[in-house]
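Trainee: Sequence below, structure please.
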Amino acid sequence: MPDETPSAPNRVAWWQRLWTRPAPPEEDEPSPPEPPPPAKPEPARRRSLLRVRDRVSPGLRTALSLLPFVLFVAWWFWVTAGAEPELRRISSRILPSPAEVIARCPALWFESALMRNILLSLSRVLGGFAVAAIVAIPLGIAMGSFGRVGATFGLVATLLSYLPTPAIVPLTMAWWKTGEEQKVGFLALGTFAYLLPLIVRHVQAVDHKYVLSAYSQGATAWQVVTKVLVPVALPGIVDAMRLCLGIGWTYIVLAEVIKAGEGLGGVGNLIMVFQRFGRMEEVYLTVAAIMLVGAVLDRSCVWFSRWLFPYRTATADE
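Mentor: Numbering: from 1, shown residues only. Predicted structure coming up:
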């Protein structure tokens, strides 16, 4: 019987084959990845005329601001076209033509003393505004700063915000007759009703962390009000005063419904007189003058605010 035991070299090879893991078969090198398909070109975006908070160049802003006036004048010429008043789309008793209105400018300026009446009305508005500001500013700051003061006068301020201003005309006439006191008092009440809630709102809108920071550094209540609340709320207070000055100017017609004594009666009284005699050309010219003076007042307040708070303009431009 032959010996089946392997020889020594064969045994070593046999044990090596038993305990040694066979090497994995060699794999082919991976093929390079396929290039991605070319991206499709994005369609060109259409430039929209209306974009949220887009910047408008000064030239475009000027052109856009003049566009409504150009359209209005064109419509005005169209509805008043015609040599005979009967052929017009709107009667001349309701809307005269631009040429008829412009022709009455010299008479309104010289015979009716438009500029002197404007100055008289402006002095009444500024007087009423000054009286309202003297009362509303300290009271509004106190209401916005101290909770007990705000709770005391809060309901009064809410009721004043719903005050029908034309309804207080007969009341002021009963209190002060029809003289200068009545006109200035009416304008002061009308302005005060709007100014007080605005001042309270701006003072209350100051972040409370400024108050806590001041108290943590040992500030007193008076210092918190004068050094923190008022300086932070001052730009908003100035804006509120600007708004209420414009509101007082719009009330001038109601304040000057009745002229006391002889002399000038103001632009409000001029409108009443022209309307009573059917002189619609002067009515439209006086209304346009009131709007123009109001725009000048508003721009003056804007320029004053920019001079007083230049950092606000710098922040808005960033």
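Trainee: Look up how far E34 lies from R116.
Mentor: 89 Å (C-beta to C-beta, to the nearest Å). To be clear about C-beta, it is placed using only N, CA and C from the backbone, and glycine gets the same treatment.
Trainee: between those two, which one's more packed in?
Mentor: For R116 versus E34, neighbours defined as other C-beta atoms under 10 Å are more numerous around R116 (12 against 6).
Trainee: SS state for the spatially closest residue to the more buried one that is not a sequence neighbour?
Mentor: In space, R116 comes closest to L264 once its chain neighbours are excluded; the distance is 5.9 Å by C-beta to C-beta, 6 or more residues apart in numbering. Three-state assignment for L264 (DSSP: H, G, I helix; E, B strand; the rest coil): coil.
Trainee: Is L264 in contact with L114, as I believe?
Mentor: No: applying C-beta atoms under 8 Å, one finds L264 not in contact with L114, separated by 10.4 Å.
Trainee: Distance of T172 relative to V184?
Mentor: 9 Å.
Trainee: can you check L254 too?
Mentor: Separation of L254 from V184 (C-beta to C-beta): 13 Å.
Trainee: List the residues that contact the residue nearest to R116.
Mentor: Applying C-beta atoms under 8 Å, 6 or more residues apart in numbering to L264 gives the contacts 113, 116-117, 120.
Trainee: among those residues, which ones are buried?
Mentor: Using 16 or more other C-beta atoms under 10 Å as the burial test, those include 117, 120 as buried.
Trainee: Now the two most distant members of the contacts of L264.
Mentor: The span of the contacts of L264, defined through C-beta to C-beta, is set by A113 and L120 at 9.3 Å.
Trainee: Can you pull the poorly scored residue ranges out of this protein?
Mentor: 1-33, 39-47, 313-318 (pLDDT under 70).
Trainee: mind listing what's buried in the longest helix anywhere in it?
Mentor: Secondary structure of the chain per DSSP state H: the longest helix is helix 114-145. Neighbour counts over helix 114-145 (16+ other C-beta under 10 Å) mark 114, 117-118, 120-122, 124-129, 131-133, 136-137, 139-145 as buried.
Trainee: got it, and stretch 83-96?
Mentor: Along stretch 83-96, these residues count as buried under the neighbour rule (16+ other C-beta under 10 Å): 88, 92, 95-96.
Trainee: want to try JSON lines for those residues, with secondary structure and distance to Y284 as columns?
Mentor: Listed next are the buried residues of stretch 83-96 as JSON lines, based on DSSP: H, G, I helix; E, B strand; the rest coil; distance: C-beta to C-beta, whole Å:
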{"residue": "R88", "secondary structure": "coil", "distance to Y284": "16"}
{"residue": "S92", "secondary structure": "coil", "distance to Y284": "12"}
{"residue": "L95", "secondary structure": "coil", "distance to Y284": "8"}
{"residue": "P96", "secondary structure": "coil", "distance to Y284": "7"}
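Trainee: Closest one of those residues to L229?
Mentor: Nearest member of the buried residues of stretch 83-96 to L229, counting by C-beta to C-beta, is L95, at 51.3 Å.
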